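**Q** predicted model and sequence follow; I will ask about them next.
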Amino acid sequence: MSINFHEEQNKLSYTTRLADQSWIDFIKNHIDVNGKQVVDIGCGGGIYSKALAMLGAKVTAVDFSEEMLKGATENCKELENITFLQGNAYHTNLTSSSFDIILQRALIHHLNDLDACFKEANRLLKKNGLLIIQDRTPEDCLLPGDPHHIRGYFFEQFPKLESIESSRRYPSQKVIQALESNSFYIKTVEKLWEARRHYQNFEQLSNDLHQRTGRSILHELTNDELSMLIQTIQSKLDHQTAIIEKDRWTIWIAIKK
């Protein structure tokens with residue numbers, strides 16, 4: 001059963017960590033966000049809205065879920081340069097040609113219409129504005145499991161998850177084609193191994209997995225299946241102490257023509 005982003009019990013699911021330094025460094029190396037008007041579409045718990053605001057951006061954070069926005073507002077309550085609004089990737093209800101940068105992180109795999117999403121992004125951006133898309137392609141997701149790439153063990157244990165994951169992930173070329181057909185040109189396409197979380201011991205990782213925190217794919221498993229998966233991962237990690245979990249992402253940076 002897929003995660004319901006509108007349920008109150010899930011409102012803090014995407015607020016429990018900070019953006020990793022590897023992501024912050026990537027942004028700083030590619031884009032100057034200081035003082036810029038930035039929209040974070042599909043902001044979830046506000047993790048990356050917060051990171052952008054701390055880099056000096058003026059952030060408008062948009063999500064379709066009222067419950068997610070409640071969690072994000074709490075997560076970012078100490079920052080004054082973030083505004084939260086309810087809307088979706090197809091209809092943000094924001095003013096045309098008003099923003100310098102748009103971030104769509106971990107968004108497009110939830111969408112079935114890339115054209116409508118990128119058309120709306122184009123409408124929002126000023127001329128030569130930047131659209132940053134970060135998501136995992138099927139190839140990113142299905143890399144083998146190892147002590148850092150914990151997600152790979154999900155598919156080794158339960159091959160049924162492979163088809164679910166592959167069916168909702170876009171190949172890079174399809175993303176590029178949709179961008180180009182909506183009046184963007186590609187500035188760069190890069191891979192990023194982003195640390196998801198640092199765990200002091202396996203117990204912390206186990207608790208995170210049991211709660212399915214920030215991992216929508218695990219909502220496809222029953223509680224018994226999830227327990228089996230966690231036992232398998234524990235045997236794979238062979239009593240490691242500190243664990244750094246990483247995911248490989250594809251990042252497309254496109255410029256509005």
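**A** Arrived safely.
**Q** now stretch 151-167: buried residues?
**A** R151, G152, Y153, F154, F155, E156, Q157, F158, L161, E165 (16 or more other CB atoms under 10 Å). Any C-beta I mention is one placed from the backbone N, CA and C, and that applies to glycine too.
**Q** need these in TSV (columns: distance to S22).
**A** Below are the buried residues of stretch 151-167 laid out as TSV (distance: CB to CB, whole Å):
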residue	distance to S22
R151	16
G152	18
Y153	21
F154	22
F155	23
E156	25
Q157	27
F158	28
L161	26
E165	23
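**Q** restricted to helices, list those residues.
**A** Secondary structure defined by DSSP state H assigns R151, G152, Y153, F154, F155, E156, Q157, L161, E165 of the buried residues of stretch 151-167 to helices.
**Q** the third one against G145, yeah?
**A** Meaning Y153. Yes: shown here, Y153 and G145 form a contact pair, counting by CB atoms under 8 Å, at 3.6 Å.
**Q** give me the common contacts of these two.
**A** I233, K236 (CB atoms under 8 Å, 6 or more residues apart in numbering).
**Q** which other residues reach whichever strand or helix holds E120?
**A** For E120, the element it lies in under DSSP states H and E is helix 114-124. Helix 114-124 has contacts (CB under 8 Å, 6+ apart) with 39, 41, 89-92, 94-99, 102, 104, 107-108, 111, 131, 170, 174-175, 178-179, 181-184, 256.
**Q** buried subset of these?
**A** Of those, these count as buried by 16+ other CB under 10 Å: 39, 41, 89, 92, 94, 99, 102, 104, 107-108, 111, 131, 170, 175, 178-179, 182, 184, 256.
**Q** so which of the residues you listed sit within helices?
**A** Residues of those located in helices (DSSP H): V175, A178, L179.
**Q** out of those residues, which is nearest to I31?
**A** Nearest to I31 out of those is L179 (CB to CB; 16.6 Å).
**Q** surely the closest one is in contact with W252?
**A** Yes: under the criterion of CB under 8 Å, L179 is in contact with W252, at a separation of 6.8 Å.
**Q** overlap of the contact sets of those two?
**A** Joint contacts of L179 and W252 (CB under 8 Å, 6+ apart) are L131, I133, I186.
**Q** report the contact partners of the residue most central in space within the chain.
**A** The chain has A106 as the residue nearest its centroid, 2.7 Å off, counting by CA atoms, centre = their mean. Applying CB under 8 Å, 6+ apart, we find A106 in contact with G42, G44, Q134, D135.
**Q** ok, now L192?
**A** Here L192 is in contact with S22, W23, F26, Q134, R248, W249, T250, I251 (CB under 8 Å, 6+ apart).
**Q** same question for I243.
**A** Residues in contact with I243 (CB under 8 Å, 6+ apart) are P147, I150, H198, Y199, N201, F202, Q204, L205, L237.
**Q** highest neighbour count among those residues?
**A** Counting neighbours by other CB atoms under 10 Å, I150 leads those with 24 neighbours.
**Q** name the nearest residue to that residue, ignoring sequence neighbours.
**A** Excluding the flanking residues, the one nearest I150 by CB to CB, 6 or more residues apart in numbering is E245, at 4.9 Å.
**Q** for the one you found, helix, strand, or coil?
**A** The three-state label given to E245 by DSSP: H, G, I helix; E, B strand; the rest coil is strand.
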